[in-house]
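S.K.: Provide a 3D model corresponding to the input given below.
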Amino acid sequence: MARKFLYVVAILTMLAVAAAFVYRLWGEQLMTAAMVPSTNYVPLKPLPQSAYAAPAMWYARPDIHGENPALWIPAGVPNGKVGPAAIFFIHPTSYLQRNSWNAPLDDAESADRARLFIRSQASAFNSLGEIWAPRYRQATFGAFLTGKAEARRALDAAYEDVVAAFNQFLAHNPGRPLILAAHSQGSLHLVRLLKERVAGTSIADRIVAAYVVGWPVSVESDLPALGLPACHSRSQARCILSWQSFAEPADPKAIWDVYNESVGLTGKTRKGTRMLCVNPLTGAPDSAAAASRNLGTLKPDEAMAEATLVRAAVPARCNRDGFLLVGDPPDLGPYVLPGNNYHVYDYALFWANVRADASERLKTFLAH
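M.R.: Model prediction:
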């Protein structure tokens, strides 16, 4: 497992360094040309209705024990009794090829990257209940760099897989408290899932919390359509959390420009509206906390085969636009994006706090 982990890390390092080099020299236009598929969009065949009944369609679910990345925990963290919740986790983009708009389910490289993300992200919830993390035919990375109609179709197709997996998840967990969590592309699909499958239904009454991390959510133009309010304190359940991490000096212009040109889920423009920022150190929106309140950041070892928890590694504060700032750039690895964007580390920076946050919200949910 360690050797395989090192292999995946080596690939990611190479990709991150190459991407940063290209971006600094030639900027967004060349990045778009290098990553956006030039092929025609080929519609995906719908999966069989029973596809997600098979364990092979999941990276994590209760009956996967041998290679289940969601069960990982860092050294020193107790592996105690599992709680009563059911967690549905949608992994971020791990498919980087440009010869297809959607990832094949049998693509080995993207699957290895997905497991790595699940290991460092979904694992934060593994003390609270059973984690379900589906494979899905995700849109390729280049779909986020273009306004082509093919990109929208690729994202729609990926979402249909997520819906099918979610339906299977619900069928297996008819009465449990539910935690919904995701990152990046996964959070884009989670936002849509909240709007179309959760808001206004009995499912909403079972939501402990929804962690929509690494994707902008407009407080005015998106949140009212999601059926749940923003979380305002750590003792609150049935609410939504979202944050996007930047070190300082931060330059979120690339995200801000696209955000201001888009329309929210309510049909109103997002331009000039505030992004939802719930500080994972406080559990409250638009707040600040010193590094002393950070219970543990995942720090990979020199071989990058394991990770340990480092207390008080970074502070966090929501700025006036809704981005989460973490002070001076922490040394967590080579995957920092242009503009001091710590997108890849949105969960890792606050791993222990996310774990504690979800635990408190589950206690509140069960008490009521």
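S.K.: these two touch, right, W243 and C277?
M.R.: Yes: taking contacts as CB atoms under 8 Å, W243 lies within contact range of C277: 5.5 Å. (Each C-beta comes from the backbone N, C-alpha and C, glycine too.)
S.K.: can you list residues touching both of those two?
M.R.: Both W243 and C277 are contacted by 318, 324, under the criterion CB atoms under 8 Å, 6 or more residues apart in numbering.
S.K.: So in the chain, where's the weakest helix or strand by average pLDDT?
M.R.: Between all helices and strands in the chain, the lowest mean by mean pLDDT, DSSP states H and E belongs to helix 2-35, at a mean of 44.
S.K.: For the helix or strand following that helix, which strands pair with it and how are they oriented?
M.R.: Sequence order places strand 58-60 as the next helix or strand after helix 2-35, per DSSP states H and E. If you go by DSSP bridges, strand 58-60 pairs up with strand 129-134 (antiparallel).
S.K.: Can you give the distance from the partner strand to the centre of its chain?
M.R.: When C-alpha coordinates are averaged (CA atoms, centre = their mean, to the nearest Å), strand 129-134 and its chain have centres 14 Å apart.
S.K.: ok, now stretch 322-330?
M.R.: Here the centre of stretch 322-330 is set off from its chain's centre by 18 Å, with CA atoms, centre = their mean.
S.K.: who touches it?
M.R.: By CB under 8 Å, 6+ apart, the surrounding residues in contact with stretch 322-330 are 216, 219, 243-248, 250, 252, 274-277, 279-280, 286, 291, 297, 313-319, 336, 340, 342, 349.
S.K.: what do you get for stretch 259-279?
M.R.: Contacts to stretch 259-279, defined as CB under 8 Å, 6+ apart, come from residues 191, 195, 212, 216-226, 230-231, 240-244, 284-289, 316-324.
S.K.: again with stretch 68-87
M.R.: By CB under 8 Å, 6+ apart, the surrounding residues in contact with stretch 68-87 are 59-60, 65, 89, 115-116, 118-119, 122-123, 125-133, 169, 172-173, 176-181, 208, 296, 298, 306-309, 351-352, 359, 362, 366.
S.K.: How many neighbouring residues does the residue nearest to L178 when sequence neighbours are not counted have?
M.R.: The shortest distance from L178 to any residue other than its chain neighbours is 4.9 Å, reached at R206 (CB to CB, 6 or more residues apart in numbering). Residue neighbour count, defined by other CB atoms under 10 Å, stands at 20 for R206.
S.K.: Backbone torsions only: list them for R206.
M.R.: phi -100, psi 0 (degrees, to the nearest 10).
S.K.: Quick check: pLDDT value at it.
M.R.: Note on R206: pLDDT of 98.
S.K.: That one and P174 touch, don't they?
M.R.: No: the criterion here is CB under 8 Å, and R206 misses it with P174 at 9.6 Å.
S.K.: dump the residue contacts of A51.
M.R.: Counting by CB under 8 Å, 6+ apart, the residues that A51 touches are 57, 164.
S.K.: What distance do you get for it to S221?
M.R.: Taking CB to CB, to the nearest Å as the measure, A51 falls 34 Å from S221.
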